[in-house]
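1. Prediction below, plus the sequence it came from.
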Amino acid sequence: MIWRFILKRILWMVPFLFAVSVVAFLLIQAPPGDYLTTYIAKLGESNEVLDQASVENLRARFGLDQPLYVQYFKWVGNLVQGDFGMSFEWRQPVSDLVWGRMALTLMLSFATLLFTWAVAFPIGVYSAVRKYSVGDYIATTIGFIGLATPNFLLALILMYVGVVHFGSDVGGLFSNEYANAPWSWGKFVDLMQHLWLPVVVLGTSATASLIRIMRANLLDELNKPYVDTARAKGLSEFWLIMKYPVRVALNPFISTIGWVLPNLVSGAVVTAIVLSLPTAGPLMLQALLSQDMYLAGAFVLLLSSLTVIGMLISDILLVLLDPRVRYE
Amino acid sequence: MTDHPILTVDRLNVGFASRQGVMDVLHGVSFELHRGRTTCIVGESGSGKSVTARTILNMVPRPGIINGGRILFDPEGTGRPTVLTDLDPRGREIRAIRGGRIGMIFQEPMSSLSPVHTIGNQIVEAVRLHRDCSKAEAREIARDMLEQVEIPQPEKALDKYAFEYSGGMRQRAMIAMALSCHPDVLIADEPTTALDVTTQAEILDLMRKLQDELHMAIMFITHDMGVVAEIADQVVVMEKGHVVEQGGVEQIFTAPRHRYTRKLLGAVKRLEEPATEKRRPAKAAGPVLKVQDLALHFEKREGFLQRVTDTVRAVDGVSFTLHEGEALGIVGESGSGKTTVGRCIARVYDPQGGVMDYRGQDLMAAEGARLRESRREVRMIFQDPFASLNPRMTVKQLIAEPLIVNGLASGQALEDRVAKLLTDVGLDPGMMERYPHAFSGGQRQRIVVARAIALDPKVVIADEPTSALDVSIRTQVLDLLLKLQADLGLSFIFISHDMAVIRYFCDRVAVMFRGRIVEIGETEQIITDPQHPYTRALLSSVPIADPTLRGTRTRHRYHPETA
């Protein structure tokens, strides 16, 4: 039953990813012109002029003179073999550029997700069980402030506080001496020292909304008759709440995996720029601006795949956690 | 009466704290429970029965507080009882008693079990809380308990979830859980109210059997005098937080002293015969709806390839004719397909076969505008007045909605129409700006009725319209429907599992079993002289509100040869 479900979902990913690749390709092609027009404009700024013949020459070399569908199938054909093409702007294979950034992005997303859960879960449960207590009001107030504050603003404030009051090195994920060094224990420690700031900044609004969701869900469950049944069994208050209503109210938590991944990558561009994080967001923005087709395409495709995979994971977890979903 | 009470409720007072101060919901309630005997607590909703039960376990629902009286628990008969009301509601002592010495069964077997844990998990947990045993031993005990409550294949049943059980099975599992630690007292809060009569009869038999085996005291909360007559030794009648009368079951039924007890009994007695004000349809009345060979099958798909493994014939060739001004009852236990028939006629479901002829119109083929038109004339009333009214709409919006959707009235005319409808169903038009939560169950059902008749329908399909209501309210709503039937010339299809209600309201009745009509005819004739064995089995399960007749009938469940 479960295997069937998982297999079905994985099979569905194939046509879905195909559709995503088409859309990604078309989106990148949508703005007028191509990389060369941008390139020529840039050259023009420094008073260099390319003659028509060499433009055509370049265009043919990059394959930009061929019809759209030929370009698409070439791209997809190479993708299947793991070749993401060359970045026009960086003159490097796209995969070299992308993987390092994606790895850091994933790590940052995952750390933020853990932070979000670790903070939102206990506060949300507390808020619901002690409804209208002082603690609940404090959590609610902080939650609303967290929801209402733009991330980049929070980033600026925290950076200011960090630099001025603690004299710590903020911004980026690594100190200068480690930025290009190979991985070592020292680099890891350095990363951890830098990580807290972006994690807090990126996680705040998600935490705030999760607290609200957890509270609302748990409040709905707390008065259900099965809670009374558990109480009438003689279970202690703490365990009965953890085992029954919290378990049922947990579903939205699991669902967050699905949306937290793409959200962090695409929604956090501004924050990433403010904090100068070497994540995928800023590079993708730059690639899109300069119409660096293969680089941008790779990012869009990877982000979409992450979304799909995140959804798959959360759906599978949901099925494992809630037998009612399995039954359908 | 040499034995002393195992549990004494002594002048118990419970109040609900609010901004205006503390409002009492229990006013000095006193009664006793004895080993081996069943005490029924009777009263309508709001009488404080459930609060009393929860207070015994020191689980007063918030914001309730115990502000007077004591509850004494003396299982060994030592004369040195534990004062339950003095214990810390979260403390170790009361938790040892909850589930261990005093077990409890709740009303809603669906929602009283956790949806995400297996039945076995929940019973094992109860066992291990109070008995010192390993997981494997606890599972063994749980298996035995399921066997004792007559659940087939108990080993397999342990690993199932509540939603895989039928209503009756869930209640059996609840009983198994409550009894798994051999409590001295069992509190059952309306344990059979949500079940149909055949299942109810089985659960009552089961509880009596287990009481004999375990020699425990049972406190049985119900609003059904028929059930009281079946199982009670002692009866405590409650009204608005007061105990108005208590005594032996014979005395309560033969010589009720209090006005309220007499009213409760009267409401039951009235339902034992057809309504006096019932106007029979004219002999020459033509048919308004002809249904022939109606069929709807649900397919269950399973396995990797989703092959159809099982077909549930929810409606399997049902035929009947509804005459103008007639009330046709459809009776049967849950799963018999009676609700599905109603929904097919309203075209909530699309039947797969058959003919539905509504005054020359083919209801089967109706689409678009034609379907909207027929839906204007064929309306539905649903079972649960709490769930079928949108809590975010005012009464005016609720009743006006069908009028607005069909473009029949607006502005002042609309308001007048709603006011008129409210008056028709016996509600004050001044209340139309209120939201449903401000109304009681009976009043809400009146609102549902007003909404149903807003479009001057010809046929009303009423799906268990009274089963969520108290007995005295039940007759009021039925009387309202009777009045509307006479005034507006309505025809009713009245779906119910309650024979008494059918007898009171319906001219003819169709008995359904597993998607088929096994018997159809005049109500009185079917009740007094049932032909089909299933009808006889169904009638034998109906509790009779007369304790002297207890045990005079042999109950049996109908098992068709094909099953």
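-> Noted; the coordinates are in hand. Numbering: from 1, shown residues only, chains lettered A, B, ... in the order given.
2. Quick one: low-confidence residue ranges for chain A.
-> Applying pLDDT under 70 to chain A flags residues A:1, A:167-171, A:259-267, A:326-328.
3. Return the residues of it in contact with chain B.
-> A:4, A:224-226, A:228-237, A:243-244, A:247-248, A:321-324, A:327 (C-beta under 8 Å from any C-beta of the partner chain). Any C-beta I mention is one placed from the backbone N, CA and C, and that applies to glycine too.
4. let's go with 7 Å and repeat that
-> Proximity of chain A to chain B, by C-beta under 7 Å from any C-beta of the partner chain, involves residues A:4, A:224-226, A:228-229, A:231-237, A:244, A:247-248, A:322-324, A:327.
5. Just the buried ones from those residues, in ChimeraX syntax?
-> Restricted to buried positions by 16 or more other C-beta atoms under 10 Å in any protein chain shown, the ChimeraX selection for the residues of chain A next to chain B reads:
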select /A:224,225,226,228,229,231,232,233,234,235,244,247,248,322,323
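6. what about the residue of the stretch 151-300 of chain B found nearest chain A, neighbour count?
-> Chain A sits closest to residue B:161 of the stretch 151-300 of chain B, with a gap of 4.8 Å, by C-beta to the nearest C-beta. Residues near residue B:161, counting by other C-beta atoms under 10 Å in any protein chain shown, number 20.
7. so what's residue B:547 up against?
-> Shown in contact with residue B:547 (C-beta atoms under 7 Å, 6 or more residues apart in numbering or on different chains): B:229, B:249-250, B:253.
8. domains of chain B?
-> With domains defined by automatic domain parsing, chain B comprises B:1-101+B:186-272, B:110-182, B:287-544.
9. Let's have those in CSV, adding mean pLDDT and distance to residue B:552.
-> Formatted as CSV, those follow (pLDDT from 0 to 100; distance: least, C-beta to C-beta, whole Å):
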stretch, mean pLDDT, distance to residue B:552
domain B:1-101+B:186-272, 88, 11
domain B:110-182, 89, 24
domain B:287-544, 87, 9
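10. Check what pLDDT residue B:280 gets.
-> Listed pLDDT for residue B:280 reads 68.
11. What ranges does the stretch 301-450 of chain B have for its helices?
-> Along the stretch 301-450 of chain B, counting by DSSP state H, counting those that start in this stretch, helices occupy B:338-345, B:368-377, B:395-405, B:411-424, B:441-453.
12. just to revisit the earlier point, will you turn the domains of chain B into TSV that also has distance to residue A:311?
-> Shown next, in TSV, are the domains of chain B (distance: least, C-beta to C-beta, whole Å):
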stretch	distance to residue A:311
domain B:1-101+B:186-272	38
domain B:110-182	21
domain B:287-544	22
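13. nearest to residue A:65, of these?
-> domain B:287-544 (49.2 Å; C-beta to C-beta).
14. Pull up the distance across the closest one, start to finish.
-> 35 Å (C-alpha to C-alpha, to the nearest Å).
15. about what we covered before: dump the residue contacts of the residue of the stretch 151-300 of chain B closest to chain A.
-> Going by C-beta under 7 Å, 6+ apart, residue B:161 touches A:323, B:118.
16. who does it bridge with?
-> Judged by DSSP bridges, the bridge partners of residue B:161 are residue B:118.
17. Could you measure from it over to residue B:125?
-> 15 Å (C-beta to C-beta, to the nearest Å).
18. what do you get for residue B:198?
-> As judged by C-beta to C-beta, residue B:198 and residue B:125 stand 31 Å apart.
19. returning to what we had before: which of the contacts of residue B:547 tops the neighbour count?
-> Counting neighbours by other C-beta under 10 Å, residue B:229 comes out on top of the contacts of residue B:547 with 24 neighbours.
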